[in-house]
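> Structure for this input, please:
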Amino acid sequence: MDYIGIDIGSTAAKVLVRGTHAQQFVLPTGWSSRETARQIAQRLQNSGVRLENGQSCTVATGYGRENVDFADKKVTEITCHAQGSARDCGGTCTVIDIGGQDTKVIRVEQGTVSDFLMNDKCAAGTGKFVEIMANRLCVELEELFSLAEQGKPLPISALCTVFAESEVISYIGEGKPRADIAAGVVDSVAAKVATLCSRQALLPQIVLTGGLCHSDYFAARLAHKVGRPVQPLENGQFAGAYGAALLAEKMAASNKS
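Numbering: from 1, shown residues only. I've put the predicted structure just below:
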């Protein structure tokens, strides 16, 4: 039996399988999450996973979850990230999930969501903002964080991605060091996420999930802004898919009883 969690975000689709054909992988979401779901199904079947006849149970989450037509259940990413993080933090923690489209601050107590906040409809405090700025600086994401670690942050105060990009363009035109601009970009995102965090009572343990959790430098800048330690969750990019897979396992067990 396989328990499949599929998290189709606005930028990347994460898949995690528990059970007989345990695996995990990432695919770019591309322009169509429906097409991405088809690619995921094909890749799972090629690896031996049976999506029919009760051989597996699938839970889909994320931005494109409604397009996973073979899913047995579709669940919000709030619930899935809470489930995927709870086991690694003893069941009680604050989860900061920075996705491509939005940022969420989730309060998890005894394995259950007790409160959550999401950013406004703007990409300025999300992974998409970092991606746009990396493209403007002609660097890959990893290189942007490496540059930022070497620089002194230049202020990027605009709350809108378009205006913030104009600030970056102005800095480029003035000949400011690229490392300082990169540091300003990272600092700007950390500041916006910290502002969102300030609207909720944070629990003692704070974990970071999503597309930016691979950067220890970003986690350190966010911790500085929040004034509390922030721990990047190991394998945090898959937190939503992992939570979905755990829910699939619970669902299958419930159906058998």
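
> mind listing what residue 186 touches?
Neighbour list for residue 186: 130, 144-145, 148, 153, 217-218, 221 [criterion: C-beta atoms under 8 Å, 6 or more residues apart in numbering]. Quick note: C-beta positions are derived from backbone N, CA and C, even for glycine.

> Just send these back as CSV, with pLDDT too.
Shown next, in CSV, are the contacts of residue 186 (pLDDT from 0 to 100):
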residue, pLDDT
130, 88
144, 94
145, 94
148, 96
153, 95
217, 93
218, 94
221, 95
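
> Partner strands of the helix or strand containing residue 107 and their direction?
Residue 107 belongs to strand 103-109 when assigned by DSSP states H and E. Sheet partners assigned to strand 103-109 using DSSP bridges are listed as strand 93-98 (antiparallel), strand 112-118 (antiparallel).

> do you know which of the ones you listed lies nearest residue 232?
For residue 232, the closest of the strands paired with strand 103-109 is strand 93-98, at 9.9 Å, according to C-beta to C-beta.

> mean confidence for the closest one?
The average pLDDT within strand 93-98 is 93.

> circling back: out of the contacts of residue 186, who's nearest residue 209?
residue 218 (12.5 Å).

> Return the residues in contact with the closest one.
Residue 218 is in contact with 145, 186, 189-190, 212, counting by C-beta under 8 Å, 6+ apart.

> what is the orientation angle of the helix or strand where it lies with strand 93-98?
Using DSSP H and E, residue 218 sits in helix 216-226. Interaxial angle, helix 216-226 versus strand 93-98 (axes from the mean of the first three to the mean of the last three C-alpha atoms, to 10 degrees): 120 degrees.

> pLDDT below threshold where in the stretch 151-257 of the chain?
Across the stretch 151-257 of the chain, the ranges flagged by pLDDT under 70 are 159, 257.

> contacts for the strand holding residue 107?
Contacts to strand 103-109, defined as C-beta under 8 Å, 6+ apart, come from residues 77-78, 81-82, 85-86, 89, 91-97, 113-119, 125-126, 192-193, 196-197, 199-201, 203, 210.
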